[in-house]
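S.K.: Sequence and predicted model, in that order:
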Amino acid sequence: MTRQFRRFGVIGGGAWGTAIAQMLTREGQEVLIWCLEPDVAEAINTSHENSHFLPGVPLKQELRATNDLADLYGMDAIFAVAPAQHTRKTLRALRGHLDPGTPVVLCSKGIELATGEFMTEVLREELPEAVPAVLSGPSFAIDVARGLPTAVTFAIEDAALGADLIAAISTPTFRPYLAHDLLGAEIGGAVKNVLAIACGIALGKGLGRSAHAALIARGSAEMTRLALKLGADRETLSGLSGLGDLVLTCSSENSRNMSCGLALGRGEALDDILGARKAVTEGVATAPVLRRIAAEHGVEMPICDAVAAVIEGEINVDEAILRLLMRPNKAEAVTV
């Protein structure tokens with residue numbers, strides 16, 4: 001029997017959460033977005049614009065915002081779009097107020113720094129009654145909010161449930177592709193942010209587009225090695241949530257992670273870069289925990305390791321570049 005989805009809650013009033021809420025809002029569907037900042041919710045409700053995180057994009061008048069997570073109780077599905085390091089506490093606030101079997105679609109791309117857990121693990125601990133799903137792929141918030149063509153991976157174990165949910169959220173310009181490999185989708189989304197910092201550093205230092213392309217290709221190999229070691233599918237990492245998202249994030253200054261790397265490569269201090277930003281740069285928190293996970297599983301990830309070392313102040317950008325250039329020659333094939 002087809003399951004109907006008409007009421008959606010979105011956790012997170014940043015650019016990506018607002019874009020997802022905008023995409024979901026259409027005739028016959030109720031969408032409520034929870035915003036941490038009262039002024040953001042008020043702006044969405046009154047001026048129909050998120051001037052703080054997504055300025056210049058008119059939002060649909062039917063989209064409503066709230067500052068009270070309790071207002072999301074009883075929704076047909078929840079899209080969790082809070083930054084990865086804040087996802088646990090927002091999910092915890094829904095304990096006891098989520099119907100068993102409700103899909104919670106995880107849209108944050110990162111790994112919890114304190115525990116080394118992916119968002120699906122965090123969800124299972126905080127809301128075991130929920131059905132986990134992962135939305136990931138090459139998708140800038142501004143493009144989705146404006147209705148520009150976008151394709152993403154929608155990973156969920158129950159294919160029938162996934163098909164029903166995709167039918168409710170897809171549009172001619174927003175195309176989710178059904179997949180079953182949640183872990184692979186999460187790995188792609190998290191690792192590409194760290195690699196984007198590396199690509200930004202290379203361009204910021206003036207190393208050229210050849211080096212940039214090499215970092216994307218070798219970064220893809222690192223991502224795939226880790227995914228295979230952790231039990232994900234190789235095909236996932238060559239799809240939208242892997243290679244697709246990697247190419248987009250590593251190739252545009254609209255990427256917060258790429259632009260962070262550019263600034264680092266140009267000699268700016270990390271604290272100054274982050275202090276001037278409203279939005280979270282997920283790769284900064286992900287890099288150290290990713291290095292730890294790779295070491296624990298014996299996976300070589302030299303690019304990600306170099307980024308983590310720069311982030312944690314162990315080496316400077318020039319030393320990181322030299323470390324990578326001095327690595328011994330090896331075969332190109334991806335090995336675990």
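M.R.: Noted; the coordinates are in hand.
S.K.: Please count neighbours and contacts with C-alpha atoms only from this point.
M.R.: OK.
S.K.: any idea how far Ala133 is from Ile142?
M.R.: Shown here: Ala133 relative to Ile142, a distance of 23 Å by C-alpha to C-alpha, to the nearest Å.
S.K.: Also Glu312?
M.R.: Relative to Ile142, Glu312 is positioned 31 Å away (C-alpha to C-alpha).
S.K.: Look at those two and report which has more neighbours.
M.R.: Ile142 (18 against 15; other C-alpha atoms under 10 Å).
S.K.: Quick check: which element contains that one?
M.R.: Per DSSP states H and E, Ile142 falls inside helix 141-145.
S.K.: Against which helices or strands is that helix packed?
M.R.: helix 15-24 (3 or more C-alpha pairs under 8 Å, 6 or more residues apart in numbering; DSSP states H and E).
S.K.: What residues sit buried inside the helix it packs on?
M.R.: Within helix 15-24, the residues scored as buried using 16 or more other C-alpha atoms under 10 Å are Ala15, Trp16, Gly17, Thr18, Ala19, Ile20, Ala21, Gln22, Met23, Leu24.
S.K.: Name the nearest residue to the second one, ignoring sequence neighbours.
M.R.: Closest residue to Trp16 apart from its sequence neighbours, by C-alpha to C-alpha, 6 or more residues apart in numbering: Ala141 at 4.9 Å.
S.K.: Next up, the contacts around the one you found.
M.R.: Shown in contact with Ala141 (C-alpha atoms under 8 Å, 6 or more residues apart in numbering): Ala15, Trp16, Thr18, Ala19, Ile20.
S.K.: can I assume the second one is in contact with Ala80?
M.R.: No: proximity of Trp16 to Ala80 does not meet the contact threshold set by C-alpha atoms under 8 Å, at 10.4 Å.
S.K.: show me the contacts for the closest residue to Asp99 other than its chain neighbours.
M.R.: In this structure, Asp99 finds its nearest non-sequential neighbour in Gly74, 6.7 Å apart by C-alpha to C-alpha, 6+ apart. By C-alpha under 8 Å, 6+ apart, the contact list for Gly74 reads His97, Leu98, Asp99.
S.K.: Drop anything exposed from the residues you listed.
M.R.: In terms of neighbour count (16+ other C-alpha under 10 Å), the buried residues within these are Leu98.
S.K.: From the contacts of Gly74, which one has the minimum pLDDT?
M.R.: Here the lowest pLDDT out of the contacts of Gly74 sits on His97, with 88.
S.K.: Which stretches in the stretch 101-250 of the chain count as helices?
M.R.: Ranges of helices within the stretch 101-250 of the chain are 119-126, 141-145, 159-169, 182-204, 209-230, 234-237, 245-249, based on DSSP state H, counting those that start in this stretch.
S.K.: Residues contacting the helix or strand hosting Asn257, please?
M.R.: Here Asn257, judged by DSSP H and E, is contained in helix 256-265. Helix 256-265 is contacted by residues 193-194, 196-205, 249-253, 270, 273, 280-284, 317 when judged by C-alpha under 8 Å, 6+ apart.
S.K.: Same question for stretch 177-188.
M.R.: Residues contacting stretch 177-188 (C-alpha under 8 Å, 6+ apart): 109-110, 118-120, 133-136, 151-159, 162-163, 166, 223, 227, 231-233, 236-237, 241-243, 245-246.
S.K.: for stretch 82-93, same thing?
M.R.: 11-14, 17, 69, 80-81, 108-113, 119, 122-123, 126-127, 280, 282.
S.K.: and if you look at stretch 203-222?
M.R.: Stretch 203-222 is contacted by residues 192, 195, 198-199, 202, 237, 242-243, 246-247, 250, 261-266, 300-304, 334 when judged by C-alpha under 8 Å, 6+ apart.
S.K.: Put the buried members of the contacts of stretch 177-188 into a ChimeraX selection.
M.R.: Applied in ChimeraX, the following selects the buried portion of those according to 16+ other C-alpha under 10 Å:
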select :109,110,118,119,120,133,134,135,136,151,152,153,154,155,156,162,163,166,223,227,232,233,236,237,241,242,243,245,246
